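[1] Give me the fold of what follows.
(one chain, ligands or ions: 1)
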Amino acid sequence: MGFFDFLIEEIAIDLGTANTLIIHNDKVVVDSPSIVARDRTSGKITAVGKEAAMMQGKTHENIKTIRPLKDGVIADFDASEKMLTMFIKEIPALKKKLFTPALRMVICIPSGITEVEMRAVKESAERVNGKEVYLIHEPMAAAIGIGVDIMQPKGNMIVDIGGGTTEIAVIALGGIVCDKSVKIAGDVFTNDIVYYMRTQHNLYVGERTAEKIKIQIGAATEDLEVPPDEMSVQGRDLLTGKPKQVNISYREIAKALDKSILRIEDAVMETLSQTPPELAADIYNTGIYLAGGGSMLRGLDKRLSQKTDLPVYIAEDPLRAVVRGTGICLKTLNRYKGILIK
Ligand SMILES: Nc1ncnc2c1ncn2[C@@H]1O[C@H](COP(=O)(O)OP(=O)(O)OP(=O)(O)O)[C@@H](O)[C@H]1O
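    Numbers count the residues shown, from 1 in each chain. Below you'll find the model as predicted:
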């Protein structure tokens, strides 16, 4: 770090497939859905984040909403870069300045992305005046954000259930010892609900409604200690074409999500079976840590705990664990340089 350090602004970014979060000066200054709206005729991006999310499912032929990162990979480079640029420019403290200052950034990337995509993210960041850009893998950032000391010669298992992917990793001595990524996470849960409503209730609901159902009454098991109340859901009747309303209980949602959760359970079991014995012994004592928005699904911790016979802990504020970890790396760059990708 050089003499002109005081001129450099530092930001930490969690570039997620569902949400993008940015920390600047120890505060979360951006927390927005990773969505952009594009005008089809001009090709211009007209809105990003919350504003674009409001348009989802409600667009007309001239506007299209896109999720530039999908299934844990970058589906649309151009839109990803524009989104990142717009989010950075929206940071209140930077907005006031005439020019975007030189930036030192740590960006957390979905672990499914390729070398080429990584370079593309880095180049995008450099184009918004990123003078020093580091990337970090998601499970690492999640672990640091949870408060795990990843540098110790001790194994820890992190399960990060995001929007596009579930990342399972065993971390020790500042490295990922074994990991597994499955494309079953929050988005798939949402789609399971859309499918369930269509097939069981002849009710056509959009993704936004399905996500609401998931958050309000979603469950990973029918065996809940504090079950949520029934929820009335509106959509379009597939038979009559008219708007319709039905009441749904959490038990139905547990059934709808069962298959997907089984796949996550299997992936966790498989990773455990591939864990070297010394580290498995550590995990036996410390348990499993959950992060990511998907980990907030009711009863998921309990279900995983029953399956693995291990204690399972949900991170404090699981949606922010990754950006918190990324922010810690940024602040203590020297300590974590070894795990960052330059
Ligand atoms: N209370 C809740 N219960 C269940 N799911 C939730 C809850 N709140 C948010 N989610 C889900 O969490 C997901 C988003 O999580 P998160 O922001 O951690 O993902 P991401 O980091 O952007 O994605 P990825 O890790 O795949 O890049 C969404 O699918 C959202 O519907």
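[2] is it fair to say Ser295 lies in a helix?
    Yes: the assignment for Ser295 is a helix, going by DSSP: H, G, I helix; E, B strand; the rest coil.
[3] I'd like the distance between Met83 and the ligand.
    Per Cβ to the nearest ligand atom, to the nearest Å, Met83 is found 12 Å from the ligand. Where C-beta positions appear, they are placed from N, C-alpha and C, glycine not excepted.
[4] Next up, the contacts around that residue.
    By Cβ atoms under 8 Å, 6 or more residues apart in numbering, Met83 lies in contact with Thr20, Ser34, Val36, Ile45, Val48, Gly49, Pro68.
[5] so Thr286 sits right up against Asn156, yeah?
    Yes: using Cβ atoms under 8 Å, Thr286 is in contact with Asn156, at 6.1 Å.
[6] out of those two, which sits in the busier spot?
    Asn156 (23 against 16; other Cβ atoms under 10 Å).
[7] partners of the more buried one in the sheet?
    Ile171 (DSSP bridges).
[8] and this protein, which of its residues are near the ligand?
    16-19, 72, 110, 162-165, 185-187, 211, 214-215, 218, 292-294, 296-297, 319, 322 (Cβ under 6 Å from any ligand atom).
[9] Each with direction, which strands does the helix or strand of the chain with the lowest mean pLDDT pair with?
    Least confident helix or strand of the chain, by mean pLDDT, DSSP states H and E, is strand 73-74 with a mean of 80. Sheet pairing of strand 73-74 (DSSP bridges) gives strand 69-70 (antiparallel).
[10] So what touches the partner strand?
    Leu15, Gly16, Thr17, Ser34, Ala75, Ser80, Pro110, Gly164.
[11] quick one: it to chain centroid distance?
    10 Å (Cα atoms, centre = their mean, to the nearest Å).
[12] hang on, Thr166 packs against Glu265?
    No: look at Thr166 against Glu265 with Cβ under 8 Å: they stay out of range, at 10.5 Å.
[13] ok, the two, which is more surrounded?
    Between Thr166 and Glu265, counted using other Cβ under 10 Å, the more crowded position is Thr166 (26 against 17).
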